[in-house]
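Engineer: Generate coordinates for the sequence data below:
(2 chains)
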2 protein chains.
Amino acid sequence: MIIELAKNYGFCFGVKRAIKKAEQIKDAATIGPLIHNNEEILRLQKDFNVKTLEDINALSSEKKAIIRTHGITKQDLEKLRQTDIEIFDATCPFVTKPQQICERMSNEGYDVVIFGDENHPEVKGVKSYVSTRAYVVLDKKELENIKLPNKIAVVSQTTKKPEHFMEIVNFLMLKVKEVRVFNTICDATFKNQDAIKELSEKSDIVIVVGGKNSANTKQLFLIAKTHCKDSYLIETEAELKEEWFLDKKYCGISAGASTPDWIVKKVIAKIESFAD
Amino acid sequence: MIIELAKNYGFCFGVKRAIKKAEQIKDAATIGPLIHNNEEILRLQKDFNVKTLEDINALSSEKKAIIRTHGITKQDLEKLRQTDIEIFDATCPFVTKPQQICERMSNEGYDVVIFGDENHPEVKGVKSYVSTRAYVVLDKKELENIKLPNKIAVVSQTTKKPEHFMEIVNFLMLKVKEVRVFNTICDATFKNQDAIKELSEKSDIVIVVGGKNSANTKQLFLIAKTHCKDSYLIETEAELKEEWFLDKKYCGISAGASTPDWIVKKVIAKIESFAD
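Structural biologist: As a prediction, this is how the structure comes out:
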C-alpha cells in the first residue's frame, strides 16, 4: 500500500507560534485549551508545566497566563489585566485581525456580521470586540428576519470556507447599501483543504488526524469524505483499525492545523505496521 | 389577442424628475442627451426649446445648461462652473450616489472597481470622481491580471444585474483583504426586470419599447428574449410589423426606464389596429 501525506497538512503558523511560546514561557496557565489538540496540550503540561484552565475564574496562584491561539474575550482580557498575573499573548495574528476589525468597525458605527459558529472560542473572542450590534450566523437564512441597517461590516471565522462566506456576502449585498467585507479566512486552511481534496481523489482510504473538536480538522475530514468514502477522522494512532486497510492500495494522510507532526508520525508508523 | 402591460415598466424616478425639470426650465441646453430616448428628446426640443449639445465644448450663447440624468464628469462640471451659464442638475440621485461614493473612497485611500460599461456616460461620470486608481470592468476576467491593492471599493452602474455584480465582488473577496461593496444598482431596474420576466413567461410575443442605446432597455429585451423567443425591441410604433402578430394570442409589453408613456400608448394603439 502506498502511503502519501497531503502536500500541505498539520500545524499552521499560529499554532506553531503558540506552542513555541508555551515551551519558552513554561510554568504557566492557558485560559481554555491553547490549541485544539488534546495530545499536544498533555505534552505541554507534562514537559513544560503549562496547564489548561477552564476559564478566567479558575486562575488562582498562577504567575503567568498564556492567551490561547483562538483568543479570549475583550472582557476577560480586561479582567486579566487587573490582576498581577503576567500575560503572554499567543492569539494567532490571523485571529487578532478580525478582533481589531470588529473594534474599528464598531467605532465607525457599523454593525457587524460574523460568519462563524457562535460557540467557537475564536468567534466568542471576536464578537466581544463588537460594541455595536453583532450577528453571528452560519447561514444566510439566519439573517432573513433581521432588520438590517444601511451599512454593515462582515468578517469570517478564520477556518470557514470562502464559498460559504460568499453566500453571506451575496445575501447582504442585496439588502444593505454598503457591505464592508473583510476576508479573514486563513490561507493555511485553504492550502490544507486544497491538498486533501487533491490527495483524497486518488486515495482509496484517507486518514485525517486531528482534534475532534477542531473546526478545521472536521472541514478536512468532510472534504476527504466527499472524494473518498473510506475516510476516517482520528485523534491518535490508537484509534486505527487494521480492517480499514484490507485490500486498500493508496492511503492518503492529512492532519488538522492543530495536529503536531509527532502524532502524524506515530499514525504513519502504525499504518505501516499493518502492512507487515 | 390579449395585450398586457408589465406590472412595472417605463420611466423611472430619475427620468420623470429630469423631464419635469427640463419642462420647467425651458430654453436650455443639455450636455449630451438628457435621457436615453430620442423621441422624448425631440419632444422637449419642440415643445420646450430644450436642445441637446454633443458635449461641453458645444456650449456657446446658452444661458442655461441642464446636466443629464446620467451625470457628467467632474471635470466638465468644473468647466461649466467657470462660465456664466446657469446650471441645473438633473443627474439622477441614484447616479449622484456612486459619484459621491467614488470621491469619498478615493479620499479615504481606496482604489475603486466600477462594474459597468466604460463607454456609458453614467460610468464616465462616476469614474471621473475617482482620484485614486479606477478599474472599469464588465467581467471578473478583466481583473485577473491586475495587481490589486489590500483594500478596494466597488460600485456598480445603476442598470446592471445584481448577479453579475456579485461575481465581481466574489472574485475580489478572494484577492483583496477588504472589499467595500456599495450596491448602487437601482431598484427601478429590478422592478421592471422582474415584471418583464413574469410577463414574458406567459406571452407568445413581447414588445419592448425603448431607446436602442439604453442599457436598461436592452436588459429588458434580453430577459424577454430568454423567456419568449418572439420578442422585439422597438423605439416607436413605426417599427411594428403586422406579420409579427400573426397567430399570436398573448402580447406582453414593457418599456425601458427612459421611455415616456405617450410612446407606449401609441405602440398599443397600433398593435390593436392590427387586430381590427
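Engineer: Please make it C-alpha for all contacts and neighbour counts, starting now.
Structural biologist: Noted.
Engineer: so where do the strands sit in chain A?
Structural biologist: A:2-5, A:28-31, A:50-53, A:64-67, A:86-89, A:111-115, A:134-137, A:151-156, A:178-182, A:205-209, A:231-234, A:250-255 (DSSP state E).
Engineer: any idea which of those is most buried?
Structural biologist: strand A:205-209 (a mean of 27; mean count of other CA atoms under 10 Å in any protein chain shown).
Engineer: and it, what does it pack onto?
Structural biologist: Judged by 3 or more CA pairs under 8 Å, 6 or more residues apart in numbering or on different chains; DSSP states H and E, strand A:205-209 is in contact with helix A:215-227, strand A:231-234, strand A:250-255.
Engineer: Throw the strands of chain A into a markdown table and include mean pLDDT, thanks.
Structural biologist: What follows is the strands of chain A, written out as a markdown table (pLDDT from 0 to 100):
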| stretch | mean pLDDT |
| --- | --- |
| strand A:2-5 | 96 |
| strand A:28-31 | 94 |
| strand A:50-53 | 94 |
| strand A:64-67 | 96 |
| strand A:86-89 | 96 |
| strand A:111-115 | 98 |
| strand A:134-137 | 98 |
| strand A:151-156 | 98 |
| strand A:178-182 | 98 |
| strand A:205-209 | 97 |
| strand A:231-234 | 98 |
| strand A:250-255 | 97 |
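Engineer: any chance of those in JSON lines, with distance to A:I19 too?
Structural biologist: As requested, the strands of chain A are exported to JSON lines (distance: least, CA to CA, whole Å):
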{"stretch": "strand A:2-5", "distance to A:I19": "23"}
{"stretch": "strand A:28-31", "distance to A:I19": "11"}
{"stretch": "strand A:50-53", "distance to A:I19": "10"}
{"stretch": "strand A:64-67", "distance to A:I19": "10"}
{"stretch": "strand A:86-89", "distance to A:I19": "12"}
{"stretch": "strand A:111-115", "distance to A:I19": "27"}
{"stretch": "strand A:134-137", "distance to A:I19": "29"}
{"stretch": "strand A:151-156", "distance to A:I19": "24"}
{"stretch": "strand A:178-182", "distance to A:I19": "28"}
{"stretch": "strand A:205-209", "distance to A:I19": "18"}
{"stretch": "strand A:231-234", "distance to A:I19": "21"}
{"stretch": "strand A:250-255", "distance to A:I19": "17"}
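Engineer: domains for chain A, by residue range?
Structural biologist: For chain A, whose domains are defined here by automatic domain parsing, the residue ranges read A:2-9+A:187-275, A:13-91, A:94-181.
Engineer: Quick one: end-to-end distance for the second one.
Structural biologist: So that's domain A:13-91. Between the opening and closing residues of domain A:13-91 we find a distance of 11 Å, counting by CA to CA, to the nearest Å.
Engineer: can you check the longest one too?
Structural biologist: According to CA to CA, domain A:2-9+A:187-275 extends 10 Å from its N-terminal end residue to its C-terminal end residue.
Engineer: any idea how far it is from the chain center?
Structural biologist: Centroid separation for domain A:2-9+A:187-275 versus its chain: 17 Å, with CA atoms, centre = their mean, to the nearest Å.
Engineer: Kindly report the same for stretch A:176-194.
Structural biologist: Taking CA atoms, centre = their mean, one finds stretch A:176-194 lying 14 Å from the centre of the chain it belongs to.
Engineer: count of neighbours near A:P260?
Structural biologist: Residues near A:P260, counting by other CA atoms under 10 Å in any protein chain shown, number 22.
Engineer: where's it relative to chain B, distance?
Structural biologist: Plainly put, A:P260 is 29 Å away from chain B if you go by CA to the nearest CA, to the nearest Å.
Engineer: Likewise for A:H164?
Structural biologist: A:H164 sits 11 Å away from chain B, going by CA to the nearest CA.
Engineer: likewise A:T159?
Structural biologist: When CA to the nearest CA is applied, the distance between A:T159 and chain B equals 14 Å.
Engineer: same check, this time on A:N183
Structural biologist: Relative to chain B, A:N183 is positioned 5 Å away (criterion: CA to the nearest CA).
Engineer: Let me see the contact set for the residue nearest to that residue when sequence neighbours are not counted.
Structural biologist: Nearest residue to A:N183 in three dimensions, chain neighbours excluded: B:K177, at 5.3 Å (CA to CA, 6 or more residues apart in numbering or on different chains). For B:K177, the contacting residues are A:182-184, B:150-151, by CA atoms under 8 Å, 6 or more residues apart in numbering or on different chains.
Engineer: and A:E4, what does it touch?
Structural biologist: Neighbouring residues of A:E4 by CA under 8 Å, 6+ apart: A:250-253.
Engineer: A:C186 now?
Structural biologist: Applying CA under 8 Å, 6+ apart, the residues contacting A:C186 are A:94, A:158-159.
Engineer: same question, A:H36
Structural biologist: A:211, A:213-214, A:258.
Engineer: I'd say A:D261 and A:G10 touch.
Structural biologist: Yes - assessed by CA atoms under 8 Å, A:D261 is found in contact with A:G10 at 7.0 Å.
Engineer: what about A:L174, how many residues close to it?
Structural biologist: 15.
Engineer: thinking it is in contact with B:T184, fair?
Structural biologist: No - taking CA under 8 Å as the contact criterion, A:L174 and B:T184 are not neighbours in contact, 10.1 Å apart.
Engineer: need the contacts of A:H36 in CSV with distance to chain B and neighbour count, can you?
Structural biologist: What follows is those, written out as CSV (distance: CA to the nearest CA, whole Å; neighbours: other CA atoms under 10 Å in any protein chain shown):
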residue, distance to chain B, neighbour count
A:G211, 28, 24
A:N213, 27, 12
A:S214, 24, 18
A:S258, 24, 28
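Engineer: With pLDDT as extra columns, can I get those residues in JSON lines?
Structural biologist: What follows is those, written out as JSON lines (pLDDT from 0 to 100):
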{"residue": "A:G211", "pLDDT": "89"}
{"residue": "A:N213", "pLDDT": "86"}
{"residue": "A:S214", "pLDDT": "85"}
{"residue": "A:S258", "pLDDT": "79"}
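Engineer: Which pair in these has the greatest spatial separation?
Structural biologist: Comparing every pair within those by CA to CA identifies A:N213 and A:S258 as the most remote, at 10.7 Å.
Engineer: Contact partners for A:N183?
Structural biologist: Taking CA under 8 Å, 6+ apart as the definition of contact, the neighbours of A:N183 are A:155-156, B:173-174, B:176-178.
Engineer: brain fart, A:Q157
Structural biologist: If you count contacts by CA under 8 Å, 6+ apart, A:Q157 has them with A:114-117, A:122-123, A:184-185.
Engineer: returning to what we had before: show me which of the contacts of A:H36 is closest to B:I207.
Structural biologist: B:I207 has its nearest neighbour among those in A:S214, at 58.1 Å by CA to CA.
Engineer: Now the closest one. Nearest residue, chain neighbours left out?
Structural biologist: Setting aside the residues directly before and after it, A:S214 is nearest to A:H36 in space (CA to CA, 6+ apart), at 5.5 Å.
Engineer: And for A:P33?
Structural biologist: Closest residue to A:P33 apart from its sequence neighbours, by CA to CA, 6+ apart: A:T52 at 5.7 Å.
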